[in-house]
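> Below are the sequence and a predicted model; questions follow.
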Amino acid sequence: MSATVTTGTGTPGLSHEVALKSGKKQEPVQFIFNDNSFILRDSATGVSKLHVPISHLLWVGISGPVIDARVLVDTRYGLKLEDVSGSFEGDDPEASSAAEDWVQGAMRAAYLDVKTQRRLLVVINPHGGPGRAVSIFKQNVEPILKAARCTYKAVYTEYNGHALKIASEISPDEYDAVVSVSGDGILHELINGFAQHKEPMRAFRIPIVPIPAGSGNGTCLNLVGVKDGQDVAAATLSAIKGRPMSIDVLSILQSGKRSFSLMSQCLGLMADLDLGTEHLRWMGSNRFVYGYLRGLLTRKAYRFSVSVKNGIVDRTAMVEALQEYKSSAPHYRRAEEEGSTALPPLQYANDTEGWTTFEGPILYLYAGKGPDLMQFPVSVPNDGMVDLVIQGRLSRTEMWKSLSGAEKGATFWQNKVGIIAHYIKTSAYRVRPLQEDGNLAIDGERFPFGEYYAEVHRGLATVLSMSGRYAVDFDLQPPKSV
């Protein structure tokens, strides 16, 4: 059976088919691709044996009369790597040429303008979270990278701060992205390593890709979505085919020392449920639920002074801005002209105008970039703003009720009489504890409990994204009671 291509490959909007034989019985099949899908169809029955999005086609190649494709197939347990192949008979040069054209067209459709065979530095934290990062890499990540013909170097962290050192010494021209097989802690080290690089702005242009292997995988959930955020294969696909997207990063200034945060800063209950459950990392993300329930019983109040620079508090306007952002084209990073190689300066650290201060007993302070399981449902990757929640004390009943709908962002609209629940967007804020002891968590890492200043740097860092925005779905309509 000769290879027959039914349409000229590369024609937009059309399906492109090649007739082959596949399986032990060498049954006639068709390999088909178009702008949206890759399909394996039984020629006799017309039934599709395999139908996946074209983005899930990792590689297709030809060797002699055999066409081999590596694809990610959706199963009830997430994406699974599969190998499908077919062959054509004879040594007809015309058939071989047609098959070769089909293969090249399929690869163009699968990658569009994304570079194939990326060069990746994979940083693996063997001790992060439940301690499964090594097996996750070897059993799930590595086979997919090999299937996509990526070249990669795997480095296993040996001590706290090792990833920071790796990032501070990386050659920006050597890799297309840095892949982190861990939780959010290694991402924190990587961006702080970039900040210490001899050319920090070039280092920050190296995209980071999180693979979920820790207790907290918030950054991955933000980029891939709650449904697929724990799917290692889906996250690995971003490393292979994602496009660069700029994200905001915050400077944290404390006791004259400057560090950087890409995800969250929290005090009070939100810090306690994180740092206070580190001995329970074996529980995975369930340790955070345990920490919250423990906080529900104690209802511990904290006293802080929080000052916000030009804060935006109109929640309806925030939702409208999010809707406009999501309706626009994907926000991928564009090529930029060479500019300063130095880190951006702090603009508001010594500014005294335009600040609003909040004081009093609170349940927690939580600031962050990214939806973070819908704690910040209107967060935007690169708007130059951090979302800040100042939550007043709640009764145990209110704390319990707040769990209902939290995963859909219901707490965003909380604004009941007698309950302080500020939701603010701001470019900078200051916190001054009015008590001696407590916990301060930044990106899930323990920081000295004390006064600090935070300022957003718009689009400073880079990630790889399949969608060009956070993968969230927020109900834009407030409840009738608001």
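Looks like it came in fine.

> what helices or strands is the helix or strand containing residue 52 leaning on?
Assessed by DSSP states H and E, residue 52 sits inside strand 48-53. Identification of packing neighbours for strand 48-53 by 3 or more C-beta pairs under 8 Å, 6 or more residues apart in numbering; DSSP states H and E yields strand 37-42, strand 66-75. C-betas here are computed from N, CA, C, even on glycine.

> Include distance to residue 231 when you put those into a markdown table, please.
What follows is those, written out as a markdown table (distance: least, C-beta to C-beta, whole Å):
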| stretch | distance to residue 231 |
| --- | --- |
| strand 37-42 | 19 |
| strand 66-75 | 10 |
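
> how about those, which one is nearest residue 196?
strand 66-75 (36.2 Å; C-beta to C-beta).

> moving C-terminal of the strand holding residue 52, what's the next helix or strand?
Using DSSP H and E, the first helix or strand after strand 48-53 is strand 57-63.

> then that following strand to CSV, C-alphas only?
These are the backbone C-alpha positions of strand 57-63, laid out as CSV (Å, rounded to 0.1, in the frame of the first residue of the first chain):
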residue,chain,number,x,y,z
LEU,A,57,1.4,15.8,19.2
LEU,A,58,4.9,15.9,20.6
TRP,A,59,6.8,14.5,17.6
VAL,A,60,6.2,12.7,14.3
GLY,A,61,9.0,11.3,12.2
ILE,A,62,9.7,9.0,9.3
SER,A,63,12.3,6.3,9.0
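
> shouldn't residue 258 be in contact with residue 251?
Yes: between residue 258 and residue 251 a contact is recorded at 5.8 Å, counting by C-beta atoms under 8 Å.

> higher neighbour count, the two?
Taking other C-beta atoms under 10 Å, residue 258 and residue 251 do not tie; residue 251 has more neighbours (22 against 15).

> which strand residues sit across from the more buried one in the sheet?
residue 260, residue 455 (DSSP bridges).

> same check, this time on residue 75
Once the bridges are assigned, which here means DSSP bridges, residue 75 pairs with residue 78.

> neighbours around it, how many?
Neighbours of residue 75 using other C-beta under 10 Å come to 10.

> can you pull out the helices in the stretch 301-450 of the chain?
If DSSP state H, counting those that start in this stretch is used as the criterion, the helices of the stretch 301-450 of the chain fall at 315-327, 396-401.

> Between those helices, pick out the one with the smallest average pLDDT, please.
Least confidently modelled of these is helix 396-401, at a mean of 64 by mean pLDDT.

> any idea of the pLDDT on the residue nearest to residue 309 when sequence neighbours are not counted?
In this structure, residue 309 finds its nearest non-sequential neighbour in residue 428, 4.1 Å apart by C-beta to C-beta, 6 or more residues apart in numbering. At residue 428, the model reports a pLDDT of 97.

> try residue 289
Value for residue 289, per-residue pLDDT: 65.

> Then residue 46?
pLDDT at residue 46 comes out at 90.

> how near is it to residue 39?
Using C-beta to C-beta, to the nearest Å, one obtains 11 Å as the distance from residue 46 to residue 39.

> same deal with residue 189?
Counting by C-beta to C-beta - residue 189 and residue 39 are separated by 43 Å.

> Which of these two has more residues huddled nearby?
residue 189 (26 against 19).

> Wasn't that one part of a strand?
No: counting by DSSP: H, G, I helix; E, B strand; the rest coil, residue 189 falls outside a strand, being helix.

> List the contacts of it.
Contacts of residue 189 were listed using C-beta atoms under 8 Å, 6 or more residues apart in numbering, and they are 161-164, 167.

> just the helices in the stretch 1-150 of the chain please.
So, for the stretch 1-150 of the chain - with DSSP H, counting those that start in this stretch - the helices run 93-111, 133-136, 142-147.

> looking at these, which has the lowest confidence?
Among the helices of the stretch 1-150 of the chain, helix 93-111 carries the lowest mean pLDDT (a mean of 90).

> number of nearby residues for residue 199?
Residue 199 - counted by other C-beta under 10 Å - has 12 other residues nearby.

> Can you tell me the closest non-neighbouring residue to it?
That would be residue 341: by C-beta to C-beta, 6+ apart, it lies 5.0 Å from residue 199.

> Which strands and helices lie in contact with the helix or strand containing residue 270?
Residue 270 is part of helix 269-275 when elements are defined by DSSP H and E. Secondary-structure packing of helix 269-275 (3+ C-beta pairs under 8 Å, 6+ apart): helix 286-298, strand 355-368, strand 440-442.

> And what about residue 202, helix, strand or coil?
Quick answer, by three-state DSSP: residue 202 is helix.

> show me what contacts it?
Contacts of residue 202 (C-beta under 8 Å, 6+ apart): 172, 341.

> For residue 259, see how far away it is.
20 Å.

> Could you do residue 188 as well?
9 Å.

> who's more crowded, the two?
Ranked by neighbour count (other C-beta under 10 Å), residue 188 and residue 259 place residue 188 first, with 24 against 19.

> Count residues in the vicinity of the closest residue to that one other than its chain neighbours, would you?
The shortest distance from residue 188 to any non-neighbouring residue, by C-beta to C-beta, 6+ apart, is to residue 443 (3.9 Å). Neighbourhood size, residue 443 [other C-beta under 10 Å]: 28.

> if we can go back for a sec, would you turn the helices and strands packed on strand 48-53 into a markdown table with distance to residue 140 and mean pLDDT?
Output for these, formatted as a markdown table (distance: least, C-beta to C-beta, whole Å; pLDDT from 0 to 100):
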| stretch | distance to residue 140 | mean pLDDT |
| --- | --- | --- |
| strand 37-42 | 21 | 93 |
| strand 66-75 | 11 | 94 |
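
> I'd like to know which of those strands is closest to residue 385.
strand 66-75 (34.9 Å).

> wait, doesn't residue 164 sit right on residue 196?
Yes: judged on C-beta under 8 Å, residue 164 makes contact with residue 196 at a distance of 7.2 Å.

> higher neighbour count, those two?
Taking other C-beta under 10 Å, residue 164 and residue 196 do not tie; residue 164 has more neighbours (20 against 16).

> which helices and strands sit right next to the helix or strand harbouring the more buried one?
Using DSSP H and E, residue 164 falls within helix 162-169. On a contact count with 3+ C-beta pairs under 8 Å, 6+ apart, helix 162-169 meets strand 119-124, helix 184-195.

> Just the CA trace of the last one, in CSV.
Coordinates of the C-alpha atoms in helix 184-195 are reproduced here as CSV (Å, rounded to 0.1, in the frame of the first residue of the first chain):
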residue,chain,number,x,y,z
ASP,A,184,7.1,26.6,45.0
GLY,A,185,10.2,26.7,47.2
ILE,A,186,12.6,26.0,44.4
LEU,A,187,10.9,28.6,42.2
HIS,A,188,11.6,31.1,45.0
GLU,A,189,15.3,30.1,45.0
LEU,A,190,15.5,30.4,41.2
ILE,A,191,14.2,33.9,40.9
ASN,A,192,16.4,35.1,43.8
GLY,A,193,19.3,33.4,42.0
PHE,A,194,18.5,35.3,38.8
ALA,A,195,18.5,38.5,40.9
